[in-house]
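Colleague: how would this look folded up:
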Amino acid sequence: MVLSLADVLDLPVVRRARPRVVVGADRLDTPVRWAHVAEVTDLAHLLRGGELVLTTGIALPDAAAALRRYVTDLAEAGVSGIAVELGRKYRRRLPDALVDAAREAGVPVICLERETRFVEITEAVHSRVLTEQLEELRASERMHTVFTELSLEGAPRDRVLREVARLSGCPVVVENLAHQVLAYDLNGEDPGVVLASWENRSRSVASTRRTFHDPVTGWLVTTVGARGQDWGRLILVCGASPTPSQTTLVERAATTLALGRLLERQQESLERQTHRTIIAGIIDRSYSDPEEALVRARAVGVPLAGRTLVVVVLRLRDAGTGLATQARLAEAAENVARVCRELRLSALVGSLDDLRVGVLLALPATQRVERCLDRLAPLIHEHAGSRVVVAVGSPVDDIRRVRSSFLEARQVADVAVHQAADRPYHRLFDLRLRGLLHLLRDDERLQTYVERELGPLLAYDAQHGEDLTSILRHYLDAGRNKALAASRAHLSRPAFYGRLHRIARILGADLDSVETCLSLHVALLALESVRDRISR
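Modeller: This is a model prediction of the structure:
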């Protein structure tokens, strides 16, 4: 606790001098770093700030201008206050020039109405200052020990907050950048009171400084993050005026939280890299002996022998490029790994390429595959939403057959990405005609069929900068319901009907014929598969 001017006035030796505050009664919370006895006027250059200047006034000048300059120089030096003993030069009151100058400069002035030994005052002040400094040093050492141990242990966030609450005696909260509470330790306070309307209150507390105190809320706030990537704020609900030790406490705690998150991410990243290497070795047949894959997987805690092996592939719906896509893919992999841990599923999880994450589940022979997938897929979508497609390969019981299951799941994912997000996961038999066309997309006969059915329309769109192909797709997807198709295409019915007439003329086709429309619809589905192949 920092010694304030009010604390000095409350010392017994000072009370015996009958102190009277002449100027600055509203500034008695000013901290006092030291007490300095001085009977000279050119004193300011010897001070460092924070001193309480003690004087009998015997050497102070009589001229008003000189008195004002004396006070102004001390104010610029940053003194905590001026204490003048009455009796030697000033009998009953201080000169107006000194008082007015102190009021203008904002420097507290105290009269000591009874003679006292200044040495007793300085001894008492210095003893308190040194005691406080020693206690702060001990507290700092305790904090250093506590948070160093927490950092080395990689302690969870809740334990770090528990230590902050214990050492400060105040509630502490961690929030994210959206001002949503991530964790807290309220030190016995009522959550309904401390956390009420938290997001709105937090948004009103802002500053460009990393650590600051908001006097309105009584919050001591520091930013949490490292490597230029801030991810939240640590808030100590400490009241009107935080102590230096509380400021040090929240900053040390924020550093520990940031380091813990970096270590956690690095650990997860290394795990994903290891799993990815094992999966890639299985798919690429890099292992000279399949037994090697079993040994490597068992070494990372995923036994594959004697298990039902289920392949799951996650595919991003938005292809994209660059760091943003890599970040989404990494996030998807981490989320899947986290979900598997929550469900206590033994699994290898790692990225397959720039679009897909591969998962190899190792289920006990007694565990039902469908029941496992029914629990796993919804949790994956809970984290990723509709941004990913979940595809499942055929279950196998031999490591040699895992590769074909991965290829199957990958093909399923590539087809399912074009379908509506109405299933938690997809299998080969869910794809029907789309699946067949996807498997045949490299066949020249299928490509020739697409060109024969749609070539004139595609050429017309390319030459005229139109997109009649999408109009045809709306018409066929709507089951030849023209009104519904016009609505989906955001066109009036007359405009939509006119474009259908143009399509029929360009293709030389009867769009009222069921067989013709079926042929065109198959060609459009095949075109999607061919184009998807080219885009990848």
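Colleague: what's the residue nearest the centre of the chain in contact with, if anything?
Modeller: In the chain, the residue lying closest to the centroid (Cα atoms, centre = their mean) is Trp231, at 3.0 Å. Shown in contact with Trp231 (Cβ atoms under 8 Å, 6 or more residues apart in numbering): 176-177, 224-225, 261. Yep, even glycine has a C-beta here, placed from its N, CA and C like the rest.
Colleague: Go ahead and measure how far stretch 274-284 is from the middle of the chain.
Modeller: Centroid separation for stretch 274-284 versus its chain: 31 Å, with Cα atoms, centre = their mean, to the nearest Å.
Colleague: Please apply the same query to stretch 446-463.
Modeller: Using Cα atoms, centre = their mean, we find the averaged C-alpha position of stretch 446-463 to lie 49 Å away from the chain's own average C-alpha position.
Colleague: Same question for stretch 469-478.
Modeller: Relative to its chain's centre, stretch 469-478 lies at 43 Å (Cα atoms, centre = their mean).
Colleague: Glu251 and Thr223, how far apart?
Modeller: When distance is defined by Cβ to Cβ, to the nearest Å, Glu251 is 10 Å away from Thr223.
Colleague: Now do stretch 376-389: distance to the chain's middle.
Modeller: 20 Å.
Colleague: Pull it out as PDB, backbone CA atoms only.
Modeller: Coordinates of the C-alpha atoms in stretch 376-389 are reproduced here as PDB (Å, rounded to 0.1, in the frame of the first residue of the first chain):
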ATOM      1  CA  LEU A 376     -19.800 -37.000 -33.400                       C
ATOM      2  CA  ALA A 377     -21.200 -35.200 -36.500                       C
ATOM      3  CA  PRO A 378     -23.600 -32.800 -34.700                       C
ATOM      4  CA  LEU A 379     -20.800 -31.700 -32.400                       C
ATOM      5  CA  ILE A 380     -18.600 -31.000 -35.300                       C
ATOM      6  CA  HIS A 381     -21.300 -28.900 -37.000                       C
ATOM      7  CA  GLU A 382     -21.900 -27.200 -33.700                       C
ATOM      8  CA  HIS A 383     -18.400 -25.800 -33.900                       C
ATOM      9  CA  ALA A 384     -18.100 -25.300 -37.600                       C
ATOM     10  CA  GLY A 385     -21.700 -24.700 -38.600                       C
ATOM     11  CA  SER A 386     -22.500 -25.200 -42.300                       C
ATOM     12  CA  ARG A 387     -18.900 -24.300 -43.400                       C
ATOM     13  CA  VAL A 388     -17.900 -28.000 -43.600                       C
ATOM     14  CA  VAL A 389     -19.300 -31.200 -45.100                       C
END
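Colleague: what residues does it touch?
Modeller: Outside of stretch 376-389, the residues within contact range by Cβ under 8 Å, 6+ apart are 312, 314-318, 328, 332, 335-336, 338-340, 342-343, 345, 361, 390, 413, 416-417, 421, 424-426.
Colleague: before we move on, back to that, which members of the contacts of Trp231 are positioned in helices?
Modeller: Cross-referencing the contacts of Trp231 with the helices (criterion: DSSP state H) gives Arg261 as the overlap.
Colleague: ok, back up a step: give the residues shared as contacts by Glu251 and Thr223.
Modeller: In terms of Cβ under 8 Å, 6+ apart, Glu251 and Thr223 are both contacted by the residues Thr211.
Colleague: Just the buried subset of the contacts of Trp231, written out for ChimeraX, thanks.
Modeller: One line in ChimeraX is enough to select the buried members of the contacts of Trp231, burial here meaning 16 or more other Cβ atoms under 10 Å:
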select :224,225,261
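Colleague: any chance of the contacts of Trp231 in JSON lines, with pLDDT too?
Modeller: Output for the contacts of Trp231, formatted as JSON lines (pLDDT from 0 to 100):
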{"residue": "Asn176", "pLDDT": "85"}
{"residue": "Leu177", "pLDDT": "84"}
{"residue": "Val224", "pLDDT": "91"}
{"residue": "Gly225", "pLDDT": "86"}
{"residue": "Arg261", "pLDDT": "76"}
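Colleague: Looking at the contacts of Trp231, spot the one nearest Asp185.
Modeller: Closest approach to Asp185 among the contacts of Trp231 (Cβ to Cβ): Val224, at 15.2 Å.
Colleague: who does the closest one bridge with?
Modeller: Following DSSP bridges, Val224 is listed with bridge partners Gly232.
Colleague: Let me have the contacts of Trp231 in CSV, extended by distance to Leu352.
Modeller: Written out in CSV, the entries for the contacts of Trp231 read as follows (distance: Cβ to Cβ, whole Å):
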residue, distance to Leu352
Asn176, 30
Leu177, 31
Val224, 34
Gly225, 31
Arg261, 27
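Colleague: which of the contacts of Trp231 sit farthest apart?
Modeller: The most widely separated members of the contacts of Trp231, counting by Cβ to Cβ, are Leu177 and Arg261 (13.3 Å).
Colleague: on that earlier part again, could I get the pLDDT score of the residue nearest to the centre of the chain?
Modeller: The predicted local distance difference test score for Trp231 is 85.
Colleague: One more: the one 5 residues further on?
Modeller: At Leu236, the model reports a pLDDT of 95.
Colleague: any low-confidence regions in the stretch 151-300 of the chain?
Modeller: Low-confidence segments of the stretch 151-300 of the chain, defined by pLDDT under 70: 227, 263-270.
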